[in-house]
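Q: Have a look; sequence and predicted model below, questions after that.
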Amino acid sequence: MSEGAFKLRAPVPTGDKVIRMEGIRKVYDTGKIQVEALKGVDLQVCAGEFIALVGPSGSGKSTLMNLIGCLDTPTSGTYELRGESVAGMDKEQLATIRNRRVGFVFQSFNLLPQISAFENVELPLLFGGLSTRARRERATELLERVGLADRMEHKPTELSGGQMQRVAIARAVAMEPDILLADEPTGNLDSASGQDIMSLFTDLWTQGRTIIVITHDSALAKRADRQIEIHDGNIH
Ligand SMILES: Nc1ncnc2c1ncn2[C@@H]1O[C@H](COP(=O)(O)OP(=O)(O)O)[C@@H](O)[C@H]1O
Ligand SMILES: [Mg+2]
């Protein structure tokens, strides 16, 4: 079946702004001390871009990623995701936005361990309200596309690291998100599996996806079409 048959909705036209952030600050208040993790970040990302976010440990990469992905809200500043202002949203609205517009891939995979690869990929489709049949077709297609047709019924513990990350990527793109975010996706993988995952991101990008990857891996960063450096809470 063609890729088009699985499009849930129209993609953002290439070149349109998907992310518009201005003056984003994030202060973590741990009681005794306050940490200003982001100090006024301006960031614009267009549809179809593949961005590598690089910077030393503790510079604010994950904080920025969590804000972009609506897992957290900024202390101040404005953030529009596909023209919609995110800053004032409540928890429920943020959860809906995350399900519909953002796909996440983490260093530690974050798959649910008790259920199969297939069910992990099916989960966002369930939350997204797809019918049983549509979920089955789509989860199958996605797992086939990441090369796991013969591993669908495996639980995460029965898969290698590289295979788990493939499941996580299939899950992340299941709802056709506007942006795919990955925080150190090859950090727990051997170099061969890391290469496979890098190729998968490049494939997804050439299919028109907007991707932001945090990485220490200079080979992965070089594959991106734009590198953004973050130092001590500022973008350079
Ligand atoms: N939940 C938190 N509470 C308090 N401080 C935090 C929290 N998360 C991150 N920080 C601090 O914010 C800064 C940026 O962290 P982070 O965004 O995780 O950096 P990176 O991903 O680049 O390593 C660091 O100084 C870190 O210690
Ligand atoms: Mg981090």
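A: Yes, it's here. Ligands and ions are numbered 1, 2, ... in the order given.

Q: which residues does the residue of the chain found nearest ligand 2 contact?
A: Relative to ligand 2, the nearest point of the chain is Ser62 (3.2 Å; C-beta to the ion). C-betas here are computed from N, CA, C, even on glycine. Contact partners of Ser62, counting by C-beta atoms under 8 Å, 6 or more residues apart in numbering, are Asp183, Ile214.

Q: Check which helix or strand it maps to.
A: helix 61-68 (DSSP states H and E).

Q: mind listing what the residue of the chain most remote from its centre touches?
A: Relative to the centre of the chain, and counting by C-alpha atoms, centre = their mean, the farthest-placed residue is Lys32 at 32.3 Å. If a contact means C-beta under 8 Å, 6+ apart, then Lys32 has no contacts.

Q: what about it, distance to ligand 1?
A: Distance of Lys32 to ligand 1, given as C-beta to the nearest ligand atom, to the nearest Å: 11 Å.

Q: Assign that residue to one of the three secondary structure states.
A: Assigned with DSSP: H, G, I helix; E, B strand; the rest coil, Lys32 falls in the coil class.

Q: With Gln227 instead?
A: strand.

Q: for Phe104, same thing?
A: strand.

Q: What is the burial count for it?
A: Applying other C-beta atoms under 10 Å, we find 20 residues neighbouring Phe104.

Q: How about the one 10 residues further on?
A: Burial of Gln114 is recorded as 10 neighbouring residues (other C-beta under 10 Å).

Q: surely it meets Lys155?
A: Yes - under the criterion of C-beta atoms under 8 Å, Gln114 makes contact with Lys155 at 7.3 Å.

Q: Mutual contacts of these two, please.
A: Joint contacts of Gln114 and Lys155 (C-beta under 8 Å, 6+ apart) do not exist.

Q: Which positions in the chain make contact with ligand 2?
A: Along the chain, the residues adjacent to ligand 2 under the rule C-beta under 5 Å from the ion are Lys61, Ser62.

Q: Can you check the pLDDT for the residue farthest from the centre of the chain?
A: Note on Lys32: pLDDT of 92.

Q: secondary structure class for the residue lying closest to Arg20 once chain neighbours are set aside?
A: In this structure, Arg20 finds its nearest non-sequential neighbour in Glu80, 4.4 Å apart by C-beta to C-beta, 6 or more residues apart in numbering. Look at Glu80: counting by three-state DSSP, its state is strand.
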